[in-house]
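S.K.: A predicted structure for the sequence below; I have some questions about it.
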Amino acid sequence: MSVTVRVPAKVNVQLAVGAARPDGFHDLANVFLAVGLHDEVTVTPADALRITCAGPGADQVPLDRTNLAARAAELLAARYGRPADVHIHIAKDIPVAGGMAGGSADAAGALVACDALWGTGASRTELLELCAELGSDVPFALVGGAALGTGRGEKLQPLEVGGTFHWVFALADGGLSTPAVYREFDRLHEGSAVPEPEASGALLGALRKGDVGALAANLANDLQAAAVSLYPALAETLAVGTGAGALASLVSGSGPTTAFLARDAASAESVAAALTASGTCRAARTTVSPALGATVL
Ligand code: C5P
């Protein structure tokens with residue numbers, strides 16, 4: 001017997017970052033949008049916890065207890081006083097260390113899959129609490145759709161989305177470490193007052209109405225300058241996508257994946273073709289949003 005859960009990647013259509021808190025985290029106004037790139041997490045009973053991974057970038061995924069999916073299984077098992085005796089297999093399609101919360105999605109997937117396999121019957125609220133304990137981006141992978149994350153990003157408020165948005169994602173060579181990007185953000189803002197992060201009313205309105213032009217005009221990522229500072233070639237990728245007709249471009253989360261909002265499916269295909277031909281990225285993928293959260297298949 002096994003259980004498979006499908007989990008989505010995310011793009012932050014707004015990522016407003018405040019000053020570093022005493023605990024090292026940053027307060028955020030984080031507008032998450034789930035997109036149609038997915039991993040699939042399968043759990044099967046085993047003698048002991050074991051983790052395997054296949055797909056693009058699988059060789060960069062840790063296969064020990066540091067993997068967030070393994071920690072998710074252990075956390076649920078500990079909570080219910082049972083052994084975490086499962087084989088977790090991750091079929092990867094979300095870029096690894098790409099700023100699209102793939103590791104967080106795998107953790108949410110493992111939690112939901114183990115809950116179903118073990119019949120623990122944890123409530124939604126309890127699952128969300130466990131997700132928040134695992135990482136700032138994990139609760140969103142559980143709920144999907146669109147949501148405003150505050151605190152360090154883990155306190156979620158669901159958002160209405162009034163239409164389908166077309167995206168292109170340019171995958172970069174290598175990854176960026178999220179803590180390193182936040183440290184670079186702190187360095188770039190040293191000595192200056194960082195305003196309190198606040199969600200943009202115009203952006204939330206654009207999502208609600210499904211207005212792609214207004215969404216494009218209000219996309220914002222406060223980590224973008226830090227990501228580009230650590231990975232300067234991203235500036236070129238961003239320019240290629242915009243030059244090819246994307247309505248707007250931005251770094252996805254802490255990067256180095258870059259995101260391009262397109263008017264429609266045809267435009268997304270031509271932006272993707274231009275990005276691929278430019279040689280400024282490893283690959284370009286088209287997809288739509290919003291996407292469902294963790295779903296048992
Ligand atoms: O919560 P998570 O483990 O995903 O965060 C990874 C790292 O990103 C943290 O250790 C911290 O350096 C940084 N971070 C932050 N402020 C946030 C979220 C993450 O500084 N709100």
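M.R.: Great, that's in hand.
S.K.: CA only for contacts and neighbour counts going forward, please
M.R.: Fine.
S.K.: Give me the contacts around stretch 24-32.
M.R.: With contacts defined as C-alpha atoms under 8 Å, 6 or more residues apart in numbering, stretch 24-32 is touched by 10-21, 140, 146-153, 196-199.
S.K.: In strands, which of these fall?
M.R.: Judged by DSSP state E, the subset of those located in strands is 10-20, 146-150.
S.K.: Mind checking which of those are buried?
M.R.: Among the ones in strands among the contacts of stretch 24-32, those classed as buried by 16 or more other C-alpha atoms under 10 Å are 10-19, 146-150.
S.K.: circling back to that earlier point, relative to the ligand, which of the ones in strands among the contacts of stretch 24-32 is nearest.
M.R.: Lowest distance from the ligand to the ones in strands among the contacts of stretch 24-32 (C-alpha to the nearest ligand atom) belongs to Ala20, with 6.8 Å.
S.K.: what about the nearest residue to the closest one once chain neighbours are set aside, neighbour count?
M.R.: Among residues not flanking Ala20 along the chain, His26 sits closest, at 4.7 Å (C-alpha to C-alpha, 6 or more residues apart in numbering). Neighbours of His26 under the rule other C-alpha atoms under 10 Å: 20.
S.K.: distance of the residue of the chain most remote from its centre from the ligand?
M.R.: Ranked by distance from the centre of the chain (C-alpha atoms, centre = their mean), the top residue is Asp47, with 31.6 Å. In this view, Asp47 and the ligand are 29 Å apart by C-alpha to the nearest ligand atom, to the nearest Å.
S.K.: For Gly119, the count of nearby residues, please.
M.R.: Neighbours of Gly119 under the rule other C-alpha under 10 Å: 9.
S.K.: what does Ser229 give?
M.R.: When neighbours are defined as other C-alpha under 10 Å, Ser229 has 16 of them.
S.K.: Now for it: which residues touch it?
M.R.: When contacts are counted by C-alpha under 8 Å, 6+ apart, Ser229 is found next to Glu184.
S.K.: near the ligand, which residues of the chain show up?
M.R.: Residues of the chain that fall close to the ligand, judged by C-alpha under 6 Å from any ligand atom: 24-28, 135-137, 152-153, 178-179, 182.
S.K.: which one of these sits closest to Leu63?
M.R.: Gly135 (18.1 Å; C-alpha to C-alpha).
S.K.: Now do the same for the nearest residue to the closest one once chain neighbours are set aside: helix, strand or coil?
M.R.: In space, Gly135 comes closest to Ser104 once its chain neighbours are excluded; the distance is 6.9 Å by C-alpha to C-alpha, 6+ apart. Ser104 falls in the helix class when you classify it by DSSP: H, G, I helix; E, B strand; the rest coil.
S.K.: who's in contact with Ser104?
M.R.: 68-69, 135, 137-138, 141.
S.K.: List the buried residues in the longest strand seen in the chain.
M.R.: In the chain, taking DSSP E as the definition, the longest strand is strand 26-45. Going by neighbour count (16+ other C-alpha under 10 Å), the buried part of strand 26-45 is 26-45.
S.K.: helix or strand right after it?
M.R.: strand 50-54 (DSSP states H and E).
S.K.: Output that next one as PDB - backbone C-alpha positions only.
M.R.: Once non-C-alpha atoms are left out, strand 50-54 reads as follows in PDB (Å, rounded to 0.1, in the frame of the first residue of the first chain):
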ATOM      1  CA  ARG A  50      14.300   6.100   3.900                       C
ATOM      2  CA  ILE A  51      14.200   8.800   1.200                       C
ATOM      3  CA  THR A  52      14.800   8.700  -2.600                       C
ATOM      4  CA  CYS A  53      14.400  11.300  -5.300                       C
ATOM      5  CA  ALA A  54      14.300  11.200  -9.100                       C
END
